[in-house]
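**Q** Here is the input, now give the coordinates:
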Amino acid sequence: NVGHAAANVVPLSAVIVSPDATEFVGERVALLEQVLLASDQTQLIERQQIDTLLAEQELAASFGAEGVGQRVRLGQILRADVLVMLRRDVIEPGRLNIIVSETSQGIRLFQATVTLTSDLEADVRVMTEPILRAIQRSSDPITDIVAVPAFASHSLTTDQDHLKIAYARMIEQLIHSHPGLVTVEISEARALGKERELSEGNTSVSRLQPLYLMGSYHHTRQGDTLLFEIDLLLRRGEQVLHQHLSDHASAEDAAQSMRHHTSLMLSQAVGLDIPVVDPKAQATELLDLSNEYRQLGDWQEAINLLEAALLLDPSLVEAHYQAILITNDAIFSGYELSRDNDYGVEEITKVINRWMSMFRHEKSLLEKEFITKPTGPWQYTREEYWRALYLYSRGPYYLESDATRRVDLEECYELMEVLYKHRQQFRDVMLD
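**A** Prediction:
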């Protein structure tokens, strides 16, 4: 077991702001530090001391997955148990990267890309809970490290490609339910392996060899039913420990089989009993976590978590609603959908893929008989939702009287076909 502080010791944290983000983040840093201190869940190193000690340090590399060694060294310089790191996003400079890392191994316990607003207090409020949760986790001894990369698809079509990340997030959530196990990106696991090799013979340093849980799937269609074949492989370093190939099964059965065999393989590998948590309970956890990422403005991760939730509980109405709402946020926050804009192929493809994702969730809702309001904040009946979609699809051209007319199920199906064709036409025109 490795880790800094015992569970009953309040960890010492350092809030580090990359120089390029100082002005961008502004007063949020001071507000965040005030809230963290008020929580009594962490102690903080004074900002002036951090700036003095890190004046000559190159911080850029410490943010990435490969920066495990740099994060350990920053922790040693500052004598900190936890690093809370902020920087402007490299790809989207108008957004903020948040990383929380423990410093015994340099493992990132939380990361998100945040959309800042004009409301400083609201921004800090949505950041605080996940940061504090990661700080609390830093006190737990780390018994093993598991990398769960996106699954590979061997299917002939791309209509189920969203499962590549959804399967990985589903497995990660199962692993997170067991204290002492942490998940990392595959590049972070490789960096940890290299650091372990470099520290061999150094008895003062204890480093773990990460586990790699690799997966792939292939789907076929039998009538109206999708059947999935799943391949799971668990290795430590380059040594293969276990492998499992499932028979063709429905989407829901394949997901449950995957969780069951993951639990068995990990239990044998780490020498601990890792139970399979109730799928509906875990789906609800993923839904809550997705909502947290949505509030942060990290739409892609929010959608990934919703797809994982639906694997565990396909009847989770709220997940479909939220996926549609989040996808809509993602599309219209970043793009003004106009032919006059100078789009690149990558940007257009991203918008189209998001539209296709909305279509899939819209169709799933349409095929279900939801006639009562779902629980949670999505207070739409099916009829109310589809009326809203009907009006939205007609844009500025609908008549005011349309707001009171009923939209029947058959008309909804026709509308879906129209929307689908329009989206395909938009893709063809914009990519021409």
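**Q** Give me the below-cutoff pLDDT ranges for the chain.
**A** Across the chain, the ranges flagged by pLDDT under 70 are 1-8, 201-205, 331-353, 355-356, 366-432.
**Q** what's the closest non-adjacent residue to the residue nearest the centre of the chain?
**A** In the chain, the centroid-proximal residue (CA atoms, centre = their mean) is residue 301; its distance is 3.3 Å. Nearest residue to residue 301 in three dimensions, chain neighbours excluded: residue 293, at 4.7 Å (CB to CB, 6 or more residues apart in numbering). Every C-beta, even on glycine, is put in place using the N, C-alpha and C of the backbone.
**Q** For that neighbour, pull up the helix or strand it's in.
**A** Using DSSP states H and E, residue 293 sits within helix 279-296.
**Q** part of a strand, is residue 168?
**A** No. Under the criterion used here (DSSP: H, G, I helix; E, B strand; the rest coil), residue 168 is helix, not part of a strand.
**Q** thinking again about what came up before, run through the residues that contact the residue nearest to the centre of the chain.
**A** Counting by CB atoms under 8 Å, 6 or more residues apart in numbering, residue 301 touches 112, 113, 290, 293.
**Q** Most neighbours among these, please name it.
**A** Of these, residue 290 is surrounded by the most neighbours, 27 neighbours in total, counting by other CB atoms under 10 Å.
**Q** what's near enough to touch that one?
**A** By CB under 8 Å, 6+ apart, residue 290 lies in contact with 301, 302, 303, 305, 306, 309, 319, 322, 326.
**Q** What's opposite the closest residue to residue 79 other than its chain neighbours in the beta bridge?
**A** Distance criterion CB to CB, 6+ apart; nearest residue to residue 79, sequence neighbours excluded, is residue 12 at 7.0 Å. Taking DSSP bridges as the rule, residue 12 bridges to residue 43.
**Q** cool, residue 214 as well?
**A** Here residue 214 shows beta-bridge partners residue 233, assigned using DSSP bridges.
**Q** Surely it and residue 146 touch.
**A** No. Residue 214 is not in contact with residue 146 according to CB atoms under 8 Å; the separation is 11.0 Å.
**Q** and those two? which has more neighbours close in?
**A** residue 146 (23 against 19).
**Q** list the contacts for residue 260?
**A** Residue 260 neighbours (CB under 8 Å, 6+ apart): residue 276.
**Q** hmm, I was thinking of residue 10
**A** Remark: with contacts taken as CB under 8 Å, 6+ apart, residue 10 is in contact with 40, 41, 42, 43.
**Q** Buried among those residues? Need that as a selection in PyMOL.
**A** Burial among these is assessed by 16 or more other CB atoms under 10 Å; the matching PyMOL selection reads:
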select buried, resi 41+42
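**Q** ok, of the contacts of residue 10, which one's closest to residue 250?
**A** residue 41 (43.4 Å; CB to CB).
**Q** Quickly note the distance from that closest one to residue 229.
**A** Taking CB to CB, to the nearest Å as the measure, residue 41 falls 45 Å from residue 229.
**Q** just residue 153 next, same as before
**A** Look at residue 153 and residue 229: by CB to CB, they are 11 Å apart.
**Q** Spit out the residues that contact the two alike.
**A** 217, 218.
**Q** in the strand or helix carrying residue 193, what counts as buried?
**A** Secondary structure assigned from DSSP H and E places residue 193 in helix 186-198. Along helix 186-198, these residues count as buried under the neighbour rule (16+ other CB under 10 Å): 186, 188, 189, 190, 191, 192, 193, 195, 196.
**Q** Select only the buried ones of the contacts of residue 290 in PyMOL?
**A** Only the buried entries of the contacts of residue 290 go into this PyMOL selection, using 16+ other CB under 10 Å:
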select buried, resi 301+302+303+305+306+309+319+322+326
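**Q** Which pair of the contacts of residue 290 spans the longest distance?
**A** Spanning the widest gap among the contacts of residue 290 are 301 and 319, at 14.4 Å by CB to CB.
**Q** ok, residue 77 touching residue 53?
**A** Yes. Residue 77 is in contact with residue 53 according to CB under 8 Å; the separation is 5.5 Å.
**Q** how close does residue 185 get to residue 87?
**A** Distance from residue 185 to residue 87, by CB to CB: 17 Å.
**Q** Show me which of these two is the more surrounded one.
**A** Set side by side, residue 185 and residue 87 show more neighbours around residue 87, with 22 against 17, by other CB under 10 Å.
**Q** Find the nearest non-adjacent residue to the more buried one, please.
**A** Computed as CB to CB, 6+ apart, the closest residue to residue 87 that is not its neighbour in sequence is residue 18, at 3.5 Å.
**Q** what about the one you found, neighbour count?
**A** 18.
**Q** any idea how far it lies from residue 63?
**A** 7 Å.
**Q** Repeat that for residue 216.
**A** From residue 216 across to residue 63, the span is 30 Å (CB to CB).
**Q** now swap in residue 197 and tell me
**A** Counting by CB to CB - residue 197 and residue 63 are separated by 23 Å.
**Q** Tally up the residues packed near residue 58, please.
**A** For residue 58, using other CB under 10 Å, the count is 8.
**Q** ah, wrong one, I meant residue 94
**A** For residue 94, using other CB under 10 Å, the count is 10.
**Q** Contacts only, for it.
**A** Contacts of residue 94 by CB under 8 Å, 6+ apart are 115, 116.
**Q** at 10 Å instead, please
**A** 24, 88, 115, 116, 334 (CB atoms under 10 Å, 6 or more residues apart in numbering).
**Q** got it, and residue 22?
**A** Applying CB under 10 Å, 6+ apart, the residues contacting residue 22 are 29, 86, 87, 88.
**Q** Recalculate using a threshold of 8 Å.
**A** For residue 22, the contact set (CB under 8 Å, 6+ apart) is empty.
**Q** So for whichever strand or helix holds residue 114, what gets flagged as buried?
**A** Secondary structure from DSSP H and E places residue 114 in strand 108-115. For strand 108-115, a neighbour-count test (16+ other CB under 10 Å) marks 108, 109, 110, 111, 112, 113, 114, 115 as buried.
**Q** again with stretch 283-298
**A** Of all the residues in stretch 283-298, those buried under the rule 16+ other CB under 10 Å are 283-287, 289-298.
**Q** all helices in this protein, in order from the N-terminus.
**A** 22-25, 28-38, 47-53, 68-78, 120-137, 163-176, 186-198, 251-270, 279-296, 299-312, 317-334, 345-366, 382-394, 409-430 (DSSP state H).
**Q** Only C-alpha atoms, please: export stretch 47-63 in PDB.
**A** Output of stretch 47-63 as PDB, limited to C-alpha atoms (Å, rounded to 0.1, in the frame of the first residue of the first chain):
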ATOM      1  CA  ARG A  47       0.100  31.200  -1.900                       C
ATOM      2  CA  GLN A  48       3.300  33.400  -1.400                       C
ATOM      3  CA  GLN A  49       5.200  30.300  -0.200                       C
ATOM      4  CA  ILE A  50       4.100  28.300  -3.300                       C
ATOM      5  CA  ASP A  51       5.100  31.100  -5.700                       C
ATOM      6  CA  THR A  52       8.500  31.400  -4.000                       C
ATOM      7  CA  LEU A  53       9.200  27.700  -4.000                       C
ATOM      8  CA  LEU A  54       8.000  27.100  -7.600                       C
ATOM      9  CA  ALA A  55       9.500  30.300  -9.100                       C
ATOM     10  CA  GLU A  56      12.100  28.300 -11.100                       C
ATOM     11  CA  GLN A  57       9.900  25.300 -11.900                       C
ATOM     12  CA  GLU A  58       8.500  24.300 -15.300                       C
ATOM     13  CA  LEU A  59       4.900  23.500 -14.600                       C
ATOM     14  CA  ALA A  60       3.500  22.600 -18.000                       C
ATOM     15  CA  ALA A  61       4.600  18.900 -18.000                       C
ATOM     16  CA  SER A  62       3.200  18.300 -14.600                       C
ATOM     17  CA  PHE A  63      -0.400  18.700 -15.900                       C
END
